[in-house]
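Student: Fold the following, please.
(2 chains)
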Amino acid sequence: MKKLLDLLTEEMQRAFEDAGYNRELGRVTVSNRPDLCEYQCNGAMAGAKQYKKAPIMIAGDVAAKLAESQVFSEVVAVAPGFLNLKLSEEFLLQFVKEMRADEKFGLERPANPKKIIIDYGGANVAKPLHVGHIRSAVIGESLKRINRYVGHEVIGDVHLGDWGLQMGLVITGIQDRQPELVYFDDHFTGEYPTEAPFTISELEEIYPAASARSKEDAAYKARAMEATFKLQSGVRGYRALWRHIMNVSIADLKKNYGSLNVEFDLWKGESDVHDLIPEMVDYMKKGGYAYISDGALVVDVKEETDTKEMPPCMILKSDGASLYNTTDLATIMERVKLYDPDEIIYVTDKRQDLYFEQVFRCARKTKLVDADTELKWIGFGTMNGKDGKPFKTRDGGVMRLENLIWETKEEMYRKIREGRQMPEEEARDVAELVAVSALKYGDLSNQAAKDYIFDIDRFTSFEGDTGPYILYTIVRIKSILSKYIEQGGDLEKVTLTTAQNESSKGLMMQLSQFNAMMQNACEELAPHKVCAYIYDLANALNHFYHETPILNNDNEEERNGLIALLVLTRDVLETCIDVLGFRAPERM
RNA sequence: GCAUCCGUAGUCUAAUGGAUAGAACGGAGGCCUCCGACGCCUUUAAUGCAGGUUCGAUUCCUGUCGGAUGCACCA
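Tutor: Purely as a prediction, here's the structure:
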């Protein structure tokens, strides 16, 4: 189904052509002066030079050709040359009816659906998620859902940090605590226990302790590096222990991500490409791409047009060890081999800008990916505290994601309790849903690249541009609809009718923008556009609700038409929050 | 030092080169015998600075000031 603006533009272009002007001038946009008109066309001004004619004259000529239009109910040429447009109610009704009949509300399916891998999350094994992980998870999840909704095949990969020195540190830490474990007995040949010798909370103590010690104690660090080496070279006991660390840690990560409605299709990590590295390095050497510089193996990625410094992409450190670049490049190689994606999207901190530029250039130069595979990177800004500095706990430490979520839920629970009578258990469940909406909407409503301030009071407020406000609006609609059903109505049997007042027309016009908005949000990888849209839609709904008696309307046909409009609004809102990655309760 | 990104009401945030820069919070005021007032309506206030391109610039270009970030053996 075409986009409303395209239909309006076609009509306008016909008029420009009929009036003897270039049809390309007839582009219609949503009015930015709603007090004057609903839509506008500025083409007459752009054409003034070309035709050596006053813009208002051109606009007048075009307006005359639209006097009988079925699309516009009003076309006025105003100084200096704007065409102010009002939409025909009948035309709008037809459009919204078609939209309602379509499973995806008029969103066009992509001509060539792409296979897209999204690499997001950034979790490390054996380290708890902290607030720094929230943006990648929330933005990545939304991009996955948006692309999937639009019709692409999307694979989300958490891409764990599960193979570096950190694993050696954890293993060494475990060895210190429990040196008697069979995993450290080189002569042990039997089956290793199926039960992990530690819990997640022990694991979470072990890593920071070991990490801190290694920074002061060189001998300890050497032991950790030794352990890392033994793990990577396949020592049986170390691999078995590593497996336990992975299992315990992944179970915990799934729980935490799950509480944010974030789900990954793949739980791959750096370890998965370990065996590919020698092959890749060999390939890069043989291809003449990689050379030794200061002892390290690097690939030059400078281009002549560069204005910024572009250090070479390092493949192996001077001690021969691999690093982040190595596994990321090997992962690209593996992904091409296993999935042959059309596009890979990385969602990371924006500080990694230069790094990904290097990796992408290196992957292209060395032909790990072919020319038509797109590599994209979305860099997001920092989540700051109210002081404008990176978010910290009250005592200045790094806050765990779990605690942030917990605090938000508690705050939400408190607000729900003070505002409504609701059974304890339901209040808890609702608080959870609303808290997730508060966190995610608070994050996603900003452009990803910008830093933003995490303000729990603002995010959890039911007023203003917040997740809870959106949910409130949905719940409000649901409340009327269930009353309608109680009164014997049937939601399956209602049909849209022409707009009965300005506010219902406004709501319909807002609804009609859905397909264009979603397509644009997908192309630009911009969840904040979905947020902006549903905020406007929620406002249009509340305004409409206030102006228009619905259940109290005595005319049955009109009442049903209004109910149909509510159903459509609810469905569109719920579709949008679903792609943002949260859900609405039935009551709140 | 070099480079990248970003500077919009008191705060937070939006705007393919188009009209009087759009919202939110906060401030001021109004609306519940009526479908959820966690709502609605009115009002207050902003493009860091200086140039340039353009009929027209928050948007493009140059300079400048301010902030964030990056500049090969971390991820």
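
Student: Would you agree A:Arg213 is in contact with A:Ala219?
Tutor: No. Using Cβ atoms under 8 Å, A:Arg213 is not in contact with A:Ala219, being 10.0 Å away. The way it works is simple: take the backbone N, C-alpha and C, and place the C-beta from them, glycine included.

Student: Pretty sure A:Asn515 sits against A:Phe105.
Tutor: Yes. Counting by Cβ under 8 Å, A:Asn515 touches A:Phe105, with 6.4 Å between them.

Student: got the contact list for stretch A:414-427?
Tutor: Applying Cβ atoms under 8 Å, 6 or more residues apart in numbering, the external contacts of stretch A:414-427 come out as A:Tyr413, A:Val430, A:Ala431, A:Val434, A:Thr460, A:Phe462, A:Arg587, A:Met588.

Student: for the residues you listed, which one is nearest RNA strand B?
Tutor: Of all the contacts of stretch A:414-427, A:Phe462 has the smallest distance to RNA strand B: 2.7 Å, by Cβ to the nearest atom of the strand.

Student: residues contacting that closest one?
Tutor: Here A:Phe462 is in contact with A:Lys415, A:Gly419, A:Pro468, A:Tyr469, A:Tyr472 (Cβ under 8 Å, 6+ apart).

Student: can you check A:Val78 too?
Tutor: Taking Cβ under 8 Å, 6+ apart, one finds A:Leu36, A:Ile56, A:Ala59, A:Asn84 in contact with A:Val78.

Student: okay, how far is it across stretch A:269-285, tip to tip?
Tutor: By Cα to Cα, to the nearest Å, the extent of stretch A:269-285 from end to end equals 25 Å.

Student: Show me the helices in the stretch 1-150 of chain A, by range?
Tutor: In the stretch 1-150 of chain A, the helices defined using DSSP state H, counting those that start in this stretch lie at A:4-18, A:43-51, A:55-65, A:89-101, A:134-150.

Student: what about the second one, near RNA strand B?
Tutor: Looking back up the chat, that one is helix A:43-51. Yes. Using Cβ under 7 Å from any atom of the strand, helix A:43-51 reaches RNA strand B at A:Met45, A:Ala46, A:Ala48, A:Lys49.

Student: now do stretch A:9-22
Tutor: No. Contact of stretch A:9-22 with RNA strand B (Cβ under 7 Å from any atom of the strand) is absent, the minimum separation being 10.1 Å.

Student: Pull out the buried residues from that stretch.
Tutor: Using 16 or more other Cβ atoms under 10 Å as the test for burial, stretch A:9-22 gives A:Thr9, A:Glu11, A:Met12, A:Gln13, A:Arg14, A:Ala15, A:Phe16, A:Glu17, A:Ala19, A:Tyr21.

Student: Could you dump those into a markdown table with distance to A:Arg394 and pLDDT added?
Tutor: Output for these, formatted as a markdown table (distance: Cβ to Cβ, whole Å; pLDDT from 0 to 100):
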| residue | distance to A:Arg394 | pLDDT |
| --- | --- | --- |
| A:Thr9 | 54 | 90 |
| A:Glu11 | 59 | 93 |
| A:Met12 | 58 | 92 |
| A:Gln13 | 60 | 91 |
| A:Arg14 | 64 | 92 |
| A:Ala15 | 63 | 92 |
| A:Phe16 | 62 | 91 |
| A:Glu17 | 66 | 90 |
| A:Ala19 | 67 | 91 |
| A:Tyr21 | 65 | 89 |
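
Student: Looking at these, which is nearest RNA strand B?
Tutor: Nearest member of these to RNA strand B, counting by Cβ to the nearest atom of the strand, is A:Thr9, at 10.1 Å.

Student: what about A:Glu556, distance to RNA strand B?
Tutor: As for A:Glu556, its distance to RNA strand B is 14 Å (criterion: Cβ to the nearest atom of the strand, to the nearest Å).

Student: Run through the residues that contact A:Arg476.
Tutor: A:Arg476 neighbours (Cβ under 8 Å, 6+ apart): A:Leu541, A:Asn542, A:Tyr545.

Student: Per-residue pLDDT of A:Thr29, please?
Tutor: A:Thr29 is assigned a predicted lDDT (pLDDT) of 87.

Student: For RNA strand B, see how far away the closest residue to it other than its chain neighbours is.
Tutor: Distance criterion Cβ to Cβ, 6 or more residues apart in numbering; nearest residue to A:Thr29, sequence neighbours excluded, is A:Gln40 at 6.0 Å. As judged by Cβ to the nearest atom of the strand, A:Gln40 and RNA strand B stand 4 Å apart.

Student: Show the pLDDT at A:Leu507.
Tutor: 94.

Student: swap that for A:Trp377, please
Tutor: pLDDT at A:Trp377 comes out at 93.

Student: Contact partners for the nearest residue to A:Gly506 once chain neighbours are set aside?
Tutor: Leaving aside its sequence neighbours, A:Gly506 sits nearest to A:Ala540 (Cβ to Cβ, 6+ apart; 5.3 Å). Residues near A:Ala540 by Cβ under 8 Å, 6+ apart: A:Ser503, A:Gly506, A:Leu507, A:Gln510.
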